[in-house]
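Novice: Give the three-dimensional model of this entry:
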Amino acid sequence: MNKSMANQDDQQLIRRTLDGHNEAFGHLIRKYQDRLYNGMVHILRSEPEAEDVVQDAFVLAFTKLDSFKGNSAFFTWLYI
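Specialist: Numbering: from 1, shown residues only. Okay, here's the model as predicted:
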């Protein structure tokens, strides 16, 4: 899958989540959790801390999802 298709899929999942289909956000979590976790382990040098940060990041992303404007890839928005 190329990046534009991945971004389109993410946009569809985001729209579905904002429409009240929370299982769509679960797809975003499964898609990006390993990538985010591995990045956080590298930065924090602690697996337990990385787990906490990733969980907090997804909770915050869910609560702030309506502020995602699509100016970047979802993962970039999540990571920053």
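
Novice: List the buried residues in the longest helix along the chain.
Specialist: Scanning the chain for the longest helix, with DSSP state H as the assignment, gives helix 23-44. Taking 16 or more other Cβ atoms under 10 Å as the neighbour-count basis, helix 23-44 is seen to contain the buried residues 24-25, 27-28, 32, 36-37, 40-41. All C-beta spots, glycine's among them, are computed from the backbone N, C-alpha and C.

Novice: same question for that helix, mean pLDDT?
Specialist: The predicted model gives helix 23-44 an average pLDDT of 97.

Novice: name the helices or strands packed onto it?
Specialist: Judged by 3 or more Cβ pairs under 8 Å, 6 or more residues apart in numbering; DSSP states H and E, the packing partners of helix 23-44 are helix 3-18, helix 47-63, helix 74-79.

Novice: Pull the contacting residues for Phe58.
Specialist: Contacts of Phe58 were listed using Cβ atoms under 8 Å, 6 or more residues apart in numbering, and they are 29, 33, 78.

Novice: wouldn't the last one be in contact with Phe62 here?
Specialist: The one in question is Leu78. No: in this structure, Leu78 sits apart from Phe62 without contact. The criterion is Cβ atoms under 8 Å, and the distance is 10.5 Å.

Novice: and those two? which has more neighbours close in?
Specialist: Of the pair Leu78 and Phe62, Leu78 is the one with more neighbours under other Cβ atoms under 10 Å, namely 19 against 13.

Novice: what residues are up against that one?
Specialist: Contacts here follow Cβ under 8 Å, 6+ apart; on that basis Leu78 touches 32, 36, 57-58, 61.

Novice: separation between it and Asn38?
Specialist: When Cβ to Cβ, to the nearest Å is applied, the distance between Leu78 and Asn38 equals 14 Å.

Novice: isn't Ile14 right up against Asp66?
Specialist: No: shown here, Ile14 and Asp66 do not form a contact pair, counting by Cβ under 8 Å, at 9.2 Å.

Novice: Assign a three-state SS to Ser72, would you?
Specialist: Secondary structure, DSSP: H, G, I helix; E, B strand; the rest coil: Ser72 is coil.
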